[in-house]
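Take a look and give me a structure for this.
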Amino acid sequence: MANFLKKHAILLILVGIILLGLLIRLYKLTEIPSGFFCDEASIGYNAYTILNYGTDEYGKSFPFFFQAFGDYKSPVQIYSTVPFIKIFGLSEFSTRLPSSIYGILSIIAIYLLAKELFRNQKHSSWIGIFSALLLTISPWHIHFSRIAFEMMPFTVFSVFGLYFLLKAQKNKYFLFLSITSFVVAIYSYFPARIFIPLLGLGFFCIYYKFFWQNKKETFLSLILLITLLIPFIFHSLSPVGLSRWQQINIFTQPPNDETVSQHIIDNYFSHFSVDFLFTKGDIGMPGQFLTRHSVKGIGELYFFQFPLIILGLIFIIKKKIDKPTTALLLWLILYPVGSMLTIDKSAQATRSIIGIIPLTIISALGLYYLTISILKIKKILTYSSMLIVFIIILISFLNYLNIFFTKYTSYSSDFWGWQYGAKDIVKYFSTKEPYYDQLIMAPEFNAPEIFFKFYEPKDCLKCKVGLPDTNLDFSLKQLFAVTPNYLQIHSSYNLKILKTIYYPNGKIAFLIGEIVQ
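Numbers count the residues shown, from 1 in each chain. Sure, this is the predicted structure:
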């Protein structure tokens, strides 16, 4: 038994890390974050219509890109959600579960990538293990592994893209897997359309000898790349394909208080700031007010990773920068490009999610460097030093779990957060629909109509979005869902309250009732 444990220690530890990651990403998945944003509902409902009718919500058969809210969503997250809706039905759980699965896959992927990046190191497996562990407990990664946004497939397929490129140096046929992975990443999330081509160009420059020596495989890979990207190219060059870019880019909406170039430079470097990475995170950056993208009081990474990243960079320099580490550093340098050209005044955790990979691997390298340095000192100091390191990591991790699972819901459920309440309203409406002519929900959500489709795809035909201002008709039997603030402003309306919906922090979110004369 002892020999078995020693022989398979790395594998057993990796399995333990994966199980920990699975637990963190699935625990109370439908309850935290509290609420369900319209983008999540759109992804779930379109996966539902693909499953049942072979079309998107607008009737287009198996599209490459999905129309939603005046924009077009990428296909990977939606198609990935289809089998989970088949198994579990249309729900918040089945819609968020693919992100959790991709989160687990990225833990495995970063282990393989880190191990391959530093395969010439004696203990490359431990660098991989440290990378997997730090990604597993990462605030940045946990947050987006629990919501149905499009970032996780972008992350995992980008990692596999570089991993297979490195493997191709020994087996050239891995190049086709690398190309395929990067293409899927491009189809996953809008910022990938900027990041992946620049990264690919950089990789071509770094590994030009490999591509030159394997001309046949390079040519065939190029044909594969172009073929797979044909739908993307046509979509990107169309007016609808450029709609999202027109909405968010700094060139069409230049700032009034600074030049475009200064805005881009400041935005770029904000992604490397101590505030964004280690102390405040997305929610604490200038101009950011949304609570959907991070928790308060902690950075996108842990503060203990600050010195680890410095140690990791020192280790890379001391051990001589080779092609794999050059590729890793290039990834680090390019990670803000998907965000820095937008109108946002500082780093944003969503569009720059890809930066978690090089930052985590370099942190893990720093932890490895620290560990081997500690092991060189006297035994008593070794044990005490390792214990201190372990305690710091554990306390940081437990502090984040406490913030996320107990405190986050108290301030992230309102309009600027996860917009809690749509499910309760729609479900209540569906039970009361036979008794009313109209059931009207206040537009206190982004794209509120999607929630009728998501929560009652075949029912609630009398449900609509609106306010008493323009919909009140005493000749009809009507049921309204409004906020307490609306009733305070419109004190002339006498609402006979039938149901009260509360935010998780106990405050009243919505009042449902009839307006009586």
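
In the protein, where's the longest helix?
helix 92-117 (DSSP state H).

beta partners for the nearest residue to P448 once chain neighbours are set aside?
Of all residues not flanking P448 in the chain, V465 sits nearest, at 4.7 Å (C-beta to C-beta, 6 or more residues apart in numbering). Glycine gets a C-beta too; all of them are placed from N, C-alpha and C. On the basis of DSSP bridges, V465 is bridged to M441.

tell me the contacts of V465?
I440, M441, A442, P443, P448, E449 (C-beta atoms under 8 Å, 6 or more residues apart in numbering).

Same check on D39?
Contacts of D39 (C-beta under 8 Å, 6+ apart): A68, K73, A148, F149.

Just give me how far the strand or helix carrying it sits from the chain centre.
Assigned by DSSP states H and E, D39 falls within helix 38-53. Mean-position distance between helix 38-53 and its chain equals 18 Å (C-alpha atoms, centre = their mean, to the nearest Å).

now stretch 250-262
Here the centre of stretch 250-262 is set off from its chain's centre by 27 Å, with C-alpha atoms, centre = their mean.

Just the CA atoms of it, as CSV, please.
This file holds the C-alpha atoms of stretch 250-262, laid out as CSV (Å, rounded to 0.1, in the frame of the first residue of the first chain):
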residue,chain,number,x,y,z
ILE,A,250,-13.0,53.1,-27.6
PHE,A,251,-12.4,54.3,-31.2
THR,A,252,-16.1,54.9,-32.0
GLN,A,253,-16.8,56.2,-28.5
PRO,A,254,-13.6,58.2,-27.7
PRO,A,255,-13.3,59.7,-24.1
ASN,A,256,-13.7,63.3,-23.4
ASP,A,257,-11.1,63.6,-20.7
GLU,A,258,-8.1,61.9,-22.3
THR,A,259,-6.8,60.8,-25.7
VAL,A,260,-7.6,57.4,-27.1
SER,A,261,-4.0,56.3,-26.9
GLN,A,262,-3.7,57.4,-23.2
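
So for it, what gets flagged as buried?
I250 (16 or more other C-beta atoms under 10 Å).

Ok, stretch 312-329 next?
Quick answer for stretch 312-329 (16+ other C-beta under 10 Å): G312, L313, F315, I316, P324, T325, T326, A327, L328, L329.

Quick one: residues in contact with that stretch.
116-118, 120-121, 162, 165-166, 202-203, 206-207, 358, 361-369.

Buried only: go through those for me.
Neighbour counting by 16+ other C-beta under 10 Å classes 116-118, 121, 162, 165-166, 202-203, 206-207, 358, 361-369 among these as buried.

And stretch 434-445, end to end?
25 Å (C-alpha to C-alpha, to the nearest Å).

State the mean pLDDT of the host helix or strand of I17.
Using DSSP H and E, I17 falls within helix 9-26. In this model, helix 9-26 has a mean pLDDT of 95.

now swap in stretch 153-165 and tell me
97.

same deal with stretch 113-130?
In this model, stretch 113-130 carries a mean pLDDT of 92.

Would you mind extracting the C-alpha trace of that stretch into CSV?
What follows is stretch 113-130, C-alpha atoms only, in CSV (Å, rounded to 0.1, in the frame of the first residue of the first chain):
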residue,chain,number,x,y,z
LEU,A,113,0.4,22.7,-19.6
ALA,A,114,2.5,23.6,-16.6
LYS,A,115,4.1,20.2,-16.6
GLU,A,116,4.9,20.5,-20.3
LEU,A,117,6.1,24.0,-20.1
PHE,A,118,8.7,23.0,-17.6
ARG,A,119,9.3,19.4,-18.6
ASN,A,120,13.1,20.0,-18.4
GLN,A,121,12.8,20.7,-14.7
LYS,A,122,13.4,17.8,-12.3
HIS,A,123,10.1,18.2,-10.6
SER,A,124,7.9,19.4,-13.4
SER,A,125,4.9,17.4,-12.1
TRP,A,126,4.9,19.4,-8.9
ILE,A,127,4.9,22.6,-10.8
GLY,A,128,1.8,21.2,-12.6
ILE,A,129,0.3,20.2,-9.2
PHE,A,130,0.9,23.7,-7.7
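
Give me the contact list for that stretch.
10, 13-14, 17, 110-112, 131-132, 159, 162-163, 166-167, 319, 322, 324-325, 327-328, 357, 361, 363-365, 367-368, 371-372.

Out of the residues you listed, list just those in strands.
Using DSSP state E, no member of the contacts of stretch 113-130 sits in strands.

Low-confidence regions, this protein specifically.
Along the chain, the model assigns pLDDT under 70 to residues 1-7, 240-247.

before we move on, the earlier item: top of the contacts of D39 by number of neighbours, please.
Within these, A148 tops the neighbour count with 27 neighbours, counted by other C-beta atoms under 10 Å.

Distance-wise, check it relative to I101.
12 Å (C-beta to C-beta, to the nearest Å).

Tell me which stretches of the stretch 401-517 of the chain form helices.
422-432, 449-455, 468-471, 484-489 (DSSP state H, counting those that start in this stretch).

Show me which positions of the second one end up buried.
Right, helix 449-455. Buried-residue list, helix 449-455, by 16+ other C-beta under 10 Å: E449, I450, F451, F452, K453, F454, Y455.

That helix packs against which elements?
Packed against helix 449-455 by the contact rule (3 or more C-beta pairs under 8 Å, 6 or more residues apart in numbering; DSSP states H and E) you find helix 38-53, helix 422-432.

Measure how the longest one sits relative to helix 422-432, angle-wise.
On the basis of axes from the mean of the first three to the mean of the last three C-alpha atoms, to 10 degrees, helix 38-53 is oriented at 50 degrees to helix 422-432.

who does the helix or strand that comes right after helix 38-53 pair up with?
As assigned by DSSP H and E, the chain's next helix or strand after helix 38-53 is strand 66-68. Strand 66-68 sits in its sheet next to strand 71-73 (antiparallel), going by DSSP bridges.

Please identify the next secondary structure element, helix or strand, after the strand it pairs with.
Strand 71-73 is succeeded, C-terminally, by helix 75-88 (DSSP H and E).

Dump the C-alpha coordinates for that following helix into PDB.
C-alpha atoms of helix 75-88 as PDB (Å, rounded to 0.1, in the frame of the first residue of the first chain):
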ATOM      1  CA  PRO A  75     -22.000  29.200 -30.000                       C
ATOM      2  CA  VAL A  76     -19.700  27.000 -27.700                       C
ATOM      3  CA  GLN A  77     -21.300  27.700 -24.400                       C
ATOM      4  CA  ILE A  78     -24.800  27.300 -25.800                       C
ATOM      5  CA  TYR A  79     -24.200  24.000 -27.600                       C
ATOM      6  CA  SER A  80     -22.300  22.800 -24.600                       C
ATOM      7  CA  THR A  81     -25.400  23.400 -22.500                       C
ATOM      8  CA  VAL A  82     -27.700  21.300 -24.700                       C
ATOM      9  CA  PRO A  83     -26.800  17.800 -23.200                       C
ATOM     10  CA  PHE A  84     -27.200  19.100 -19.600                       C
ATOM     11  CA  ILE A  85     -30.600  20.500 -20.400                       C
ATOM     12  CA  LYS A  86     -31.500  17.100 -21.900                       C
ATOM     13  CA  ILE A  87     -30.500  15.400 -18.700                       C
ATOM     14  CA  PHE A  88     -31.600  17.800 -16.100                       C
END
